[in-house]
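> all I have is the shape, not the residue letters:
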């Protein structure tokens, strides 16, 4: 288990609206293997003139694949309205997402004007490992419908001890048609020079239907791999498919991650 602590997030807010707004940290973090996070809100120098009332609390934002296309933000716990320390425990629930970041949710509960400053302290349990991004160019010959396997992670084997889940974030560019399919594959081994055959880890092929696409496999169970192996290697399995259009092609950007217990 690895406990991580982020630098304090400092904020100085002037609040004019009863509509909830968010202040986000620029940095994103991998969500694989992150189940729980603790936040400590240190609210200071609260000013609420004219009968106004402020509401401030931690917030979390998730992104399935692209950090420039994230989900809407979510406020954590109950809002604080006065100077002091407030502790929060939060379950991230990010099995279908690949990235997360923290922030501050703020609004007025009674309209007028208010301001506040403070710090948000953050710690979390991290049981994930993210591998380097790989670029896979798939452009088969016209009559080829067999499966091609493209190793991920720079060819470096990863330990299988306590491995529980696998995940891919995938960007596809220039996909010419739907007559091309892909899915996550892997192989377990003890001898790095005799790694053996690939096993398809997802139950079905993914079938892109647009010129450009982005998706996330969600958490994939590695239990279909043979047991008793020290190492695992991941791959992107791609095939032309069974349609009649000969012009299947795609450029993949693939980001793999592994979750341990």
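Good, I have the coordinates. These numbers come from a predicted model, not from an experiment.
> verify the contact between residue 204 and residue 181 for me.
No - counting by CB atoms under 8 Å, residue 204 stays clear of residue 181, with 9.0 Å between them. In this view, the C-beta of every residue, glycine as well, is placed from N, C-alpha and C.
> which of these two has more neighbours?
Set side by side, residue 204 and residue 181 show more neighbours around residue 181, with 20 against 8, by other CB atoms under 10 Å.
> distance of that one relative to residue 259?
Between residue 181 and residue 259 the computed distance is 25 Å (CB to CB, to the nearest Å).
> how about stretch 76-92: buried residues?
Of the residues in stretch 76-92, 76-77, 79-81, 86, 88, 90, 92 count as buried by neighbour count, 16 or more other CB atoms under 10 Å.
> residues contacting the residue nearest to residue 132 when sequence neighbours are not counted?
Among residues not flanking residue 132 along the chain, residue 154 sits closest, at 5.5 Å (CB to CB, 6 or more residues apart in numbering). Contacts for residue 154 (CB atoms under 8 Å, 6 or more residues apart in numbering) come out as 131-132, 134.
> out of the residues you listed, who's the most crowded?
Using other CB under 10 Å as the neighbour criterion, residue 134 leads these with 20 neighbours.
> identify the bridge partners of residue 151.
Counting by DSSP bridges, residue 151 forms beta bridges with residue 235.
> state the mean pLDDT of stretch 203-214.
For stretch 203-214, the mean per-residue pLDDT is 85.
> how distant is that stretch from the center of its chain?
Distance of stretch 203-214 from the chain centroid (CA atoms, centre = their mean, to the nearest Å) equals 18 Å.
> next one: stretch 216-234
So, by CA atoms, centre = their mean, the centroid of stretch 216-234 is 18 Å from its chain's centroid.
> check stretch 24-35 too.
7 Å.
> just the endpoints, please. Distance across that stretch?
20 Å (CA to CA, to the nearest Å).
> what sits up against stretch 67-85?
For stretch 67-85, using CB under 8 Å, 6+ apart, the contacting residues are 20, 22, 24, 28, 39-46, 53-64, 86, 88, 90, 97, 99, 103, 105, 109, 116, 214.
> let's see it at 7 Å
20, 22, 28, 39-46, 53-63, 86, 88, 90, 99, 103, 105 (CB atoms under 7 Å, 6 or more residues apart in numbering).
> with stretch 126-136 instead?
Taking CB under 7 Å, 6+ apart as the rule, stretch 126-136 contacts 1-2, 4, 30, 32-34, 150, 152-154, 158, 236, 251-261.
> do stretch 212-228 as well
Residues from elsewhere that reach stretch 212-228 (CB under 7 Å, 6+ apart): 64-66, 95-98, 163, 165-173, 175, 184, 186, 188, 199, 201-202, 232, 259.
> list the contacts of the most centrally placed residue in the chain.
Geometric centre of the chain, nearest residue: residue 98, 1.0 Å, by CA atoms, centre = their mean. Residue 98 sits next to 30-32, 63-65, 167, 169, 216, 255 when contact means CB under 7 Å, 6+ apart.
> got the residues you listed as TSV, with distance to residue 72, secondary structure and neighbour count columns?
Below are the contacts of residue 98 laid out as TSV (distance: CB to CB, whole Å; DSSP: H, G, I helix; E, B strand; the rest coil; neighbours: other CB atoms under 10 Å):
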residue	distance to residue 72	secondary structure	neighbour count
30	20	strand	19
31	16	coil	28
32	21	coil	27
63	11	strand	21
64	13	coil	19
65	16	coil	19
167	22	strand	26
169	19	strand	24
216	17	strand	19
255	22	strand	21
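> just for the stretch 101-250 of the chain, where's the confidence low?
The stretch 101-250 of the chain contains residues with pLDDT under 70 at 140-145, 177-178, 241-247.
> now the helices for it?
Remark: helices of the stretch 101-250 of the chain are absent; assignment by DSSP state H, counting those that start in this stretch.
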